[in-house]
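**Student:** quick one, what's the 3D model for this:
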Amino acid sequence: MKTTKTRLACIAALVLLCAACRRDKPAEGPLESAGKSVDNAASDTKEAVKDGAENTKDAAKKTKNDVKRKTD
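**Tutor:** Alright, predicted model coming up:
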């Protein structure tokens, strides 16, 4: 009788252990993490370049209008 209880306790412990260790998504390795960091940095750089180009365009337009106004 004691061995049956011990077996049941071990089986219950294993089931709980397996349930606790279960992950919904696979673990991320160091290369995948580094790749995501590179992707994020590239995206941030792309946005910064777009913003810089827009600011340059606006500044050029303002300068053009200022020059035109002063020469008229």
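
**Student:** from here on, just use CA atoms for contacts and neighbour counts.
**Tutor:** Fine.

**Student:** what ranges in this structure fall below the confidence cut-off?
**Tutor:** Low-confidence segments of the chain, defined by pLDDT under 70: 1-2, 18-27.

**Student:** which strand or helix spans Ala48?
**Tutor:** Using DSSP states H and E, Ala48 maps to helix 30-71.

**Student:** return the distance of that helix from the chain's centre.
**Tutor:** 21 Å (Cα atoms, centre = their mean, to the nearest Å).

**Student:** how near is Val38 to Lys68?
**Tutor:** 44 Å (Cα to Cα, to the nearest Å).

**Student:** just Leu14 next, same as before
**Tutor:** Taking Cα to Cα, one finds Leu14 at 81 Å from Lys68.

**Student:** same check on Pro30?
**Tutor:** For Pro30, the distance to Lys68 - Cα to Cα - is 57 Å.

**Student:** number of nearby residues for Ala60?
**Tutor:** 12 (other Cα atoms under 10 Å).

**Student:** next one: Ile11
**Tutor:** By the measure other Cα under 10 Å, the count of residues near Ile11 is 12.

**Student:** so where does it fall, helix or strand?
**Tutor:** helix 2-21.

**Student:** that helix packs against which elements?
**Tutor:** Packed against helix 2-21 by the contact rule (3 or more Cα pairs under 8 Å, 6 or more residues apart in numbering; DSSP states H and E) you find no helix or strand.

**Student:** now it, how far from the centre of its chain.
**Tutor:** The answer for helix 2-21 is 38 Å, by Cα atoms, centre = their mean.

**Student:** restricting to C-alpha, output that helix in CSV.
**Tutor:** Taking C-alpha atoms only, helix 2-21 is exported to CSV below (Å, rounded to 0.1, in the frame of the first residue of the first chain):
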residue,chain,number,x,y,z
LYS,A,2,2.8,2.4,0.8
THR,A,3,4.5,1.8,-2.6
THR,A,4,1.2,2.6,-4.3
LYS,A,5,1.0,5.9,-2.5
THR,A,6,4.6,6.7,-3.2
ARG,A,7,4.1,5.9,-6.9
LEU,A,8,1.0,8.1,-7.1
ALA,A,9,2.9,10.9,-5.3
CYS,A,10,5.8,10.6,-7.8
ILE,A,11,3.5,10.6,-10.8
ALA,A,12,1.6,13.7,-9.4
ALA,A,13,4.9,15.5,-8.8
LEU,A,14,6.1,14.7,-12.4
VAL,A,15,2.8,15.9,-13.9
LEU,A,16,3.0,19.2,-11.9
LEU,A,17,6.7,19.6,-12.8
CYS,A,18,5.9,19.1,-16.5
ALA,A,19,3.0,21.5,-16.4
ALA,A,20,5.1,24.1,-14.6
CYS,A,21,7.9,23.9,-17.1
